[in-house]
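In: Structure of the sequence below:
(2 chains)
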Amino acid sequence: MAVEIVSWVAVALIFVTATAMLISRDWRISLGALAILYLAAFWLVARHLPFAMSTAKLIAGWMVVATLGMTRLSLTEAEGQEQDTFFPRGIGFRITLMGIVALVTAGAAPNVEAAIPGMGIPVIAGGLLLIGGGVVHLGVTSDVLRAILGLLTLLAGFEILYAAVESAILVTGLLAVVNLGLGILGSYLLVAGSSPLESEEEA
Amino acid sequence: MTAPILWIVAPFVVGVFVLFFLRDRFSAWIGGTTSAVLALIALVIPIDTALLIGSVSIKISPAIQFFGRSFELNTADGPLLAMIYGLAAVWFFGTEASGTANRFVSLGLMIVALLTASIAVEPFLYAALLLEVAVMLVIPLLVPPYQKPGRGVVRFLIYQTLAMPFILFSGWMLAGVESSPGDLGTTIQAGTMLGLGFAFLFAVFPLYNWIPSLMEESSPYATGFLLWALPTFTVIFALGFLDRYTWLRTTPQIVNAMLFSGVFMVASGGIFAALQRHIGRILGFAAVAEAGLLLLALGLQTNSFVEIAFLTLIPRGLELSVWALALSIIKQKAYSLRFNEIQGLARKYPAAVTSLLFAHLSVTGFPLLAGFPSRLALWQELAAQSLAVSFWVFLGLFGLLTAAVRTLAVFVMAEADAKWEWNETWAQTAMLGIGAGGLFLLGLFPQAMQPFLASLPTLFEHLGQ
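Out: Now for the predicted structure:
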């Protein structure tokens, strides 16, 4: 029972952090929310995967947060900020989108549980919330950092669901590589263009 | 020596070595030679067969274990490896002429190694993860450190990353379908998931908007390499699915989905290409149309569809490499690649312009060029299957031909007193000459591909029968 309660707390945490990432314009808040999100995702993944493998996912996620954070910290506000061209940009609109994701999740989770018994409603709800949150995030931004955050959110949701059906070490390892790769790529894309040509060879 | 170490680990390590220790001048030769040697070994030495050379016995073992899973390259993979590394060698030797050597060769070798790993991994659906890692390595190739990333790159990353979860999940669902084949609900869900995954990977209409954007933002040679490598391995991956789950080939809805996606891509790619005023974007749309032709081949209701798919794949690498190299050379003079900047360049860059047009006409399916035999085979099968589909494919290819004629018109639109010059270097001229010669050679003597076409289908246990 206690485990079930903690799982629902993790789902609530996922909803709050995904919404915070979507509405916040401050990269510090977004990355902080992503770090908490990985903690909640870790708990849900640990329901189906061994503790060591779940921890690998958590550590990989936090390493991604650290990589993106350090890169963003080294950029000036002007370099790091890109104006989204997507309309409407209002907070209300984004909260409404997350509300729709939550409603879809509430409707779909029992059906998925019926189709794949044994997954657990909190695990399904957490996974679907993150996938929906990630898709919404990708849909409302053209900024590099936000696109990477959207992809990481979506992948975290997928990993929660996939952990329930596949426990191979190679898959866990490769998914960690993909997460770390996205973090490094995000950093690379953030700094690309901010430094001048270094040598003739580079040109 | 095991095959995965030779064709996956070795090129990856060479790629890392080139990245950190070699200068531009040598990297093209090292990368090209490595790939050519690997292609030659794949062609000459059969995997898992002992060869006695003098008193020395050589045997390449087929598999290694990694984290409890197997990476396996069998005897049947030999011709495929020869084709892949042979075409990769063409791309790497071309970097010397395109002026993108060091970064391209190192990352390119790593990408080809990872893509080869994607055809070796067992269970094969884990290939989706390796394809994603390869996609991530493509990004530094497309965005040099001094250039701000454009929208095309971000879209490319998003679309390719979205493919992975769909394919991994569909793989798990397909296993469920196998155990209970009568469950229609699960079958539809698995088919839809798989379709969406491949729609992202293949950049099916309308998910290909990143391709023309990338052609504008990034180096044409790097983008051309991407447009060759990813669809090639995606086709092999898709054939693996069709081979493993035979019911996919017999489900009319899935076959029709492949056929109509292909038609949409060929028709829209061709028509959009005809409307462009940017020769890079024209290459992008031509690549879309070619990917459509591959999908069409997969959707054909004939036993020879695997041969037709490979017949389309082999010249594709050569066409795209020659076209992209010619674009890179022209870009050094006319950076934007727009029609108003390339006007009259035929008299200044005759070799680049001629090669570009030959490659373009080959993609169109012009007789005597490399693309013609595959188009002919495709037309024959399509005409027997559906005249409406044939009409739309004709429209797409006609659009590509229109784009070729427009490009030619702009290139020769020089002032009457403009003198002929030869601005290409000897290396550029040689590479373009070899490439264009290869296009004619494959067009005039398509039987040169026969040894490959005869053995490549044996890669697939059921489809190759």
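
In: Now chain A against chain B: closest residue?
Out: A:Gly193 (3.2 Å; C-beta to the nearest C-beta). For the C-beta atoms, the positions are set from N, CA and C on the backbone; glycine is no exception.

In: would you say that residue is within a strand?
Out: No: going by DSSP: H, G, I helix; E, B strand; the rest coil, the assignment for A:Gly193 is coil, not a strand.

In: Can you report how many residues neighbour B:Leu439?
Out: 26 (other C-beta atoms under 10 Å in any protein chain shown).

In: Ok, the one 3 residues further on next?
Out: Using other C-beta under 10 Å, B:Leu442 has 23 neighbouring residues.

In: CA atoms only: put stretch A:43-54 into PDB for me.
Out: What follows is stretch A:43-54 as a C-alpha-only set of coordinates in PDB (Å, rounded to 0.1, in the frame of the first residue of the first chain):
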ATOM      1  CA  TRP A  43      10.700   5.300  -8.700                       C
ATOM      2  CA  LEU A  44       8.300   4.200 -11.300                       C
ATOM      3  CA  VAL A  45      11.000   2.400 -13.300                       C
ATOM      4  CA  ALA A  46      12.100   0.600 -10.100                       C
ATOM      5  CA  ARG A  47       8.700  -1.000  -9.900                       C
ATOM      6  CA  HIS A  48       9.700  -3.200 -12.800                       C
ATOM      7  CA  LEU A  49      13.500  -3.100 -13.200                       C
ATOM      8  CA  PRO A  50      16.200  -4.100 -10.600                       C
ATOM      9  CA  PHE A  51      17.400  -1.300  -8.400                       C
ATOM     10  CA  ALA A  52      20.800  -1.100 -10.000                       C
ATOM     11  CA  MET A  53      19.400  -0.700 -13.500                       C
ATOM     12  CA  SER A  54      16.900   1.900 -12.400                       C
END
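
In: in that stretch, what counts as buried?
Out: Of all the residues in stretch A:43-54, those buried under the rule 16 or more other C-beta atoms under 10 Å in any protein chain shown are A:43-49, A:53-54.

In: Over to A:Leu44. Which of the three states is it?
Out: Classified using three-state DSSP, A:Leu44 is helix.

In: pretty sure B:Ala120 is touching B:Ile8, no?
Out: Yes: using C-beta atoms under 8 Å, B:Ala120 is in contact with B:Ile8, at 6.5 Å.

In: Show me the common contact partners of these two, please.
Out: B:Phe71 (C-beta atoms under 8 Å, 6 or more residues apart in numbering or on different chains).

In: who's in contact with B:Tyr221?
Out: B:Tyr221 touches B:94-95, B:98, B:100, B:104, B:324-325, B:327-328, counting by C-beta under 8 Å, 6+ apart.

In: would you list those in a markdown table and tack on neighbour count and secondary structure?
Out: Shown next, in a markdown table, are the contacts of B:Tyr221 (neighbours: other C-beta atoms under 10 Å in any protein chain shown; DSSP: H, G, I helix; E, B strand; the rest coil):
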| residue | neighbour count | secondary structure |
| --- | --- | --- |
| B:Gly94 | 28 | helix |
| B:Thr95 | 27 | helix |
| B:Ser98 | 28 | helix |
| B:Thr100 | 22 | coil |
| B:Phe104 | 26 | helix |
| B:Ala324 | 29 | helix |
| B:Leu325 | 28 | helix |
| B:Leu327 | 26 | helix |
| B:Ser328 | 22 | helix |
